[in-house]
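Participant: what follows is a predicted protein model with its sequence.
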Amino acid sequence: MLRAAIILVVLTLCGCDFQRQADAKFGDQHFKTTIALVELHKVRTGAYPESLKDLKFTGEWDAIALNSVEYRRLDNGYELNVTRGWIGSPDMALPSEFWRGLGVVKSNVKRQG
């Protein structure tokens, strides 16, 4: 009985770590895909989109990323928050050089360094 309880606890802890890692990986992909689409829109039109619905020429898989973030255009750029990774909400951080040259001025993704 004790052995079964220990195995259950170990499996539960491993499962949590797997979900946390999967949420981070999927969240990272959703965030970066959306940034690429938003920044491409700005290159093509000269302005950031009012909403993600304004993006053109997106692929079928892009819808997954676009439905996993919250976007808001701001006067000096845009706000982009990751709302879903694989299952839950990821806790993410990206290095300072990642942010250089982007219009993301506010995000729930942390800046390292």
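Facilitator: Thanks, I have the structure now.

Participant: give the helix, strand or coil label for the residue most central in space within the chain.
Facilitator: Computing the C-alpha centroid of the chain and ranking residues by CA atoms, centre = their mean puts residue 31 first, at 3.0 Å. With DSSP: H, G, I helix; E, B strand; the rest coil as the basis, residue 31 sits in helix.

Participant: so it touches residue 85, yeah?
Facilitator: No: if you go by CB atoms under 8 Å, residue 31 and residue 85 don't touch, sitting 9.5 Å apart. To be clear about C-beta, it is placed using only N, CA and C from the backbone, and glycine gets the same treatment.

Participant: just the strands in this protein please.
Facilitator: For the chain, the strands defined by DSSP state E occupy 69-74, 77-82, 93-95, 104-106, 110-112.

Participant: just these: most buried one?
Facilitator: strand 77-82 (a mean of 19; mean count of other CB atoms under 10 Å).

Participant: sheet-wise, list the partners of that strand with their directions.
Facilitator: Take DSSP bridges as the rule and strand 77-82 pairs in its sheet with strand 69-74 (antiparallel), strand 104-106 (parallel).
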